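# give me the fold of what follows.
(2 chains)
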Amino acid sequence: MEYSNVAIIFMVVSVVLAVLALAFAGLYGLNKTVDKRAP
Amino acid sequence: MHLIPQSWAHWHILLSVFPSVGLIFALGFYLTGLIAANDLMERTCLVIFAVLCVLGVPTYLSGDRIMAALSNDARISTDLMAGHFVWGIVALAALTITGVAAVVALWRARGLGRLSQPALRLVLALALVTLALMMAAGEMGWQVNHHELRLDAAAQRTSQAWSHAHMILNHFPTVGFVLALVFYIAGLVRNDVVTQRTCLVVFVLCSILGVPTYVTGAASMWALSDPGLAGISRPVIEAHRDMALLTLFGLAFTGVAAWIELWRFRHLGRFSRPSLYLILAFALITLAVMAETGHRGGQINHPEIRIATDVLPTDPKAGVTRAIALLINHVIWFVPWQTVHFFGFSLIFGTVLVVSLRVLGFWKSVSFAAVHRLLPLGVFGVVINVFSGMLILLADSSRYLNAPTFAPKMGLIVVGAAAVLYFSLSERLWKVRAGENAPAGAKWVAALVLIAWSGVIMGGRLISYI
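Next comes the predicted model:
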């Protein structure tokens, strides 16, 4: 099956953004738990 | 499936891994208990040694019962079986002595009010001797039924060394989780922080070992099915492979949750009770998935454990993993996940570089605790890459696995990931303040971590070209 360059670029950007958004949201939340409760 | 064994052969396969692989984990906990002078861990280990000793009885009986039946199988080497029997008897005798010594140590503690140090050291020495004998007996045991390990290497497209590694490695996360759960529950009930921390480390180590277990499993599939071997069914392998995928996810959830709690402990000085129970739930679910995975794995090459009511898969086109493999072969799915894989490497190497260079003496104006805050960035990179790497591997697993740099890459991932645990846990490193040098040992670990992750990247890139 042939895919256009636009479709491939769209998929690359979407998947990368989705994965990094999940990772950094997790990282932000994790750091917040330490910042809030640190003595 | 049937979880309760219906034959002596099945009992023997199931039970024999506990006195061997289980003993490795029990010894790990025991050594930690001795170093940390933790009474709960020492006592629990002594009980475990006694339980393993008792398990030696059905292990011997089940092995003895199947010997006669297997002697009639032309594929089974009677010499190997005789060797396994002799080494097994010696190993079980040593295990019995270890178990009795453990019970005596516990019994004497009732009168003394504490465990005797010489008795604890004696049990340690006996357990180490037992482990060496168990390894010899176990290796021969695996060779008995797995005649594919003795095939001519020249006639194989994918080396049977992968199958050999897989049949050893796959027992570590499974048996490790069983042992870790016993200690973890004891640690939760007694609210013992040292035991809880040790168990979280074991969960993380088992999860790290899950990666080479999955990869060696994928390679074993090719070693057993291309060219095909008599009695080996590809649909049965595919069913095992689907469950192995779920196991990989379960191990990732448990391992990451355990590591996060270890990381948070460093900064907060205490564990979060709800998080500990969440990890317990993850570990229990993962163990259940692993049990089914192991059972399906056993069905591949152990016809003697099958029963009449077992319905084995026959459709060569069925399976979730196979469907994912077909999908990821389309450029529109492959390229995005390959790009994600490179982002993952950037996160891992960036974090490793900053943390290792601080340990090696760069940026001494910041404390180690400051760079410790960055570690989750690298761990998220590892998670991203385990997932994306698994997808990429599925696209053309036979070619990747047979590339000369693939096996070293996998080995270095385990070394690099396990060494990062040292950064997360070390007491001495944690106390390194701004302006202070890290201990010499930590510098060696930092250098090892840098070399390991550099090797992983180089090994990965070279796969396509040599």
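# isn't residue B:105 right up against residue B:117?
No - using C-beta atoms under 8 Å as the test, residue B:105 is too far from residue B:117 to be in contact (10.1 Å). The C-beta positions use only the backbone N, C-alpha and C, and glycine is treated the same way.
# tell me how far stretch B:392-407 lies from the chain's centre.
21 Å (C-alpha atoms, centre = their mean, to the nearest Å).
# check which helices and strands the helix or strand hosting residue B:355 sits against.
Assigned by DSSP states H and E, residue B:355 belongs to helix B:331-360. Secondary structure elements in contact with helix B:331-360, counted by 3 or more C-beta pairs under 8 Å, 6 or more residues apart in numbering or on different chains; DSSP states H and E, are helix A:5-37, helix B:320-328, helix B:368-372, helix B:375-395, helix B:406-425, helix B:440-462.
# switch the cut-off to 10 Å
Judged by 3 or more C-beta pairs under 10 Å, 6 or more residues apart in numbering or on different chains; DSSP states H and E, the packing partners of helix B:331-360 are helix A:5-37, helix B:320-328, helix B:368-372, helix B:375-395, helix B:406-425, helix B:427-430, helix B:440-462.
# and the second one, C-alpha only, in CSV?
Okay, so that is helix B:320-328. Output of helix B:320-328 as CSV, limited to C-alpha atoms (Å, rounded to 0.1, in the frame of the first residue of the first chain):
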residue,chain,number,x,y,z
VAL,B,320,-2.5,-10.5,18.3
THR,B,321,1.3,-10.4,18.0
ARG,B,322,1.2,-11.7,14.4
ALA,B,323,-1.4,-9.0,13.6
ILE,B,324,0.8,-6.3,15.2
ALA,B,325,3.8,-7.6,13.2
LEU,B,326,1.8,-7.3,10.0
LEU,B,327,0.7,-3.7,10.9
ILE,B,328,4.1,-2.4,11.9
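# contacts for that helix?
For helix B:320-328, the surrounding residues in contact (C-beta atoms under 10 Å, 6 or more residues apart in numbering or on different chains) are B:218, B:221, B:234-235, B:237-246, B:316-317, B:319, B:333-334, B:337-338, B:390-397.
# put the buried members of the residues you listed into a PyMOL selection.
In PyMOL, a selection of the buried entries from the contacts of helix B:320-328 looks like this (16 or more other C-beta atoms under 10 Å in any protein chain shown):
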select buried, chain B and resi 218+221+234+235+237+238+239+240+241+242+243+244+245+246+319+333+334+337+338+390+391+392+393+394+395+397
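# returning to what we had before: looking at residue B:105 and residue B:117, which has the bigger crowd around it?
residue B:105 (22 against 10; other C-beta atoms under 10 Å in any protein chain shown).
# which helix or strand contains that one?
Going by DSSP H and E, residue B:105 is part of helix B:78-112.
# following that helix, which helix or strand comes up?
Next element after helix B:78-112 (DSSP H and E): helix B:117-145.
# so what's the closest residue to chain A within chain B closest to, chain neighbours aside?
In chain B, no residue comes nearer to chain A than residue B:336, which is 3.6 Å away by C-beta to the nearest C-beta. Leaving aside its sequence neighbours, residue B:336 sits nearest to residue A:15 (C-beta to C-beta, 6 or more residues apart in numbering or on different chains; 3.6 Å).
# quick one, helices of the stretch 151-300 of chain B?
For the stretch 151-300 of chain B, the helices defined by DSSP state H, counting those that start in this stretch occupy B:161-169, B:171-190, B:193-225, B:234-268, B:273-301.
# those residues of chain B touching chain A, which are they?
B:256, B:260, B:263-264, B:266-270, B:272, B:275, B:330-340, B:342-344, B:347, B:373-374, B:376-377, B:379-381, B:383-384, B:387-388 (C-beta under 10 Å from any C-beta of the partner chain).
# tell me the contacts of residue 35?
Going with chain A. B:267, B:373.
# that was the other one, I meant chain B.
Taking C-beta under 10 Å, 6+ apart, we find residue B:35 in contact with B:41, B:194.
# so for the residue of chain A at minimum distance from chain B, what's the pLDDT?
Nearest residue of chain A to chain B, counting by C-beta to the nearest C-beta: residue A:15, 3.6 Å away. For residue A:15, the model assigns a pLDDT of 94.
# over to residue B:167?
pLDDT, read off for residue B:167, is 90.
# name the nearest residue to residue B:384, ignoring sequence neighbours.
Closest to residue B:384 by C-beta to C-beta, 6+ apart is residue B:344, at 3.8 Å.
# pLDDT weak spots in the chain?
I went with chain A, as the question did not name one. A:36-39 (pLDDT under 70).
# wait, chain B was what I had in mind.
In chain B the weaker segments, taking pLDDT under 70 as the threshold, are B:1-3.
# which ones are touching residue B:119?
So residue B:119 contacts B:46, B:101, B:102, B:104, B:105, B:106, B:107, B:108, B:109, B:112 (C-beta under 10 Å, 6+ apart).
# out of these, which are buried?
Using 16+ other C-beta under 10 Å, the buried ones in those are B:46, B:101, B:102, B:104, B:105, B:106, B:109.
# which bits of chain A sit near chain B?
Residues of chain A lying near chain B by C-beta under 10 Å from any C-beta: A:1-4, A:7-16, A:18-20, A:22-24, A:26-27, A:30-31, A:33-39.
# switch to 8 Å and redo it
A:1, A:3, A:7-8, A:11-12, A:14-16, A:19-20, A:23, A:26-27, A:30-31, A:33-34, A:37-39 (C-beta under 8 Å from any C-beta of the partner chain).
# filter the residues you listed down to the buried ones and hand me the PyMOL line.
For the buried members of the residues of chain A next to chain B, the matching PyMOL selection, counting by 16+ other C-beta under 10 Å, is:
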select buried, chain A and resi 11+12+15+16+19+20+23+27+30
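# can you give me the neighbour number for residue B:461?
12.
# rewinding a little: most tightly surrounded among the helices and strands packed on helix B:331-360?
Of all the helices and strands packed on helix B:331-360, helix B:375-395 carries the top mean neighbour count, a mean of 22, counting by mean count of other C-beta atoms under 10 Å in any protein chain shown.
# check which helices and strands that helix sits against.
helix A:5-37, helix B:193-225, helix B:234-268, helix B:320-328, helix B:331-360, helix B:397-401, helix B:406-425.
# now those as a markdown table including distance to residue B:77?
Below are the helices and strands packed on helix B:375-395 laid out as a markdown table (distance: least, C-beta to C-beta, whole Å):
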| stretch | distance to residue B:77 |
| --- | --- |
| helix A:5-37 | 50 |
| helix B:193-225 | 19 |
| helix B:234-268 | 24 |
| helix B:320-328 | 33 |
| helix B:331-360 | 43 |
| helix B:397-401 | 28 |
| helix B:406-425 | 27 |
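# of these, which approaches residue B:143 most closely?
For residue B:143, the closest of the helices and strands packed on helix B:375-395 is helix B:193-225, at 15.4 Å, according to C-beta to C-beta.
# buried ones in the closest one?
Residues of helix B:193-225 classed as buried: B:194-225 (neighbour count, 16+ other C-beta under 10 Å).
# tell me the spacing between the nearest residue to residue A:27 once chain neighbours are set aside and residue B:203.
Setting aside the residues directly before and after it, residue A:27 is nearest to residue B:376 in space (C-beta to C-beta, 6+ apart), at 5.6 Å. Computed as C-beta to C-beta, to the nearest Å, the residue B:376 to residue B:203 distance reads 17 Å.
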